[in-house]
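In: Predicted model follows, preceded by the sequence.
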Amino acid sequence: MLQNAALSHYAILTAMLAPAFFLTATAALLASANARLARIIDRARQLLKDLASSEDAEARTLLERRIKVQRRRSMIILRASQMLYVAIACFVATSLLVALDSYFDHVFGPWPTIMAVLGVLSMFGSSLLLASEASMAVRAVNDEMDDAHRNANRRSPLL
């Protein structure tokens, strides 16, 4: 342990709290990812109901295509969530390693920093996945609007 025990305890606690800022950001991303996954699941369930009740071959093909998009979106969100859980584990490990490293006279070397970097990289990767899924969601909605518009125009001729 360091010479001045009171100062060293505060320094250790301060260093342990730094990963908490990353934990807060990670938790916010994870909450967003979980909400998005819930919406994807709800949409997929509705599409599956529509598919089960549809008799039209063209409509069934369209619904199957939409279900496939929802499946891809859910897998992207799953991977992003897994990366966010890895980030949480890394940030908690960083905090613990900082404390243990100080207590055991710095025997862990670069490991606290390595764990923090791994956590940040996991957050970065998950953010890219979440951005990709958001783009897919917008494309899916635009495709549905285009299809609905085409169907509406097909049914009612211009006056």
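Out: All right, it came through fine. Residues are numbered from 1 along each chain as shown.

In: residues contacting the residue lying closest to Ala116 once chain neighbours are set aside?
Out: Spatial nearest neighbour of Ala116, excluding adjacent residues (C-beta to C-beta, 6 or more residues apart in numbering): Thr94 at 4.5 Å. All C-beta spots, glycine's among them, are computed from the backbone N, C-alpha and C. With contact set as C-beta atoms under 8 Å, 6 or more residues apart in numbering, Thr94 has these partners: 18-19, 112, 115-116, 119.

In: now with 6 Å?
Out: 19, 112, 115-116 (C-beta atoms under 6 Å, 6 or more residues apart in numbering).

In: Of those residues - the most surrounded one?
Out: Among the contacts of Thr94, the one with the most neighbours (other C-beta atoms under 10 Å) is Pro19, at 26 neighbours.

In: Dihedrals phi and psi, that residue?
Out: phi -60, psi -20 (degrees, to the nearest 10).

In: circling back: can you flag which of the contacts of Thr94 belong to strands?
Out: Per DSSP state E, strands hold no members of those.
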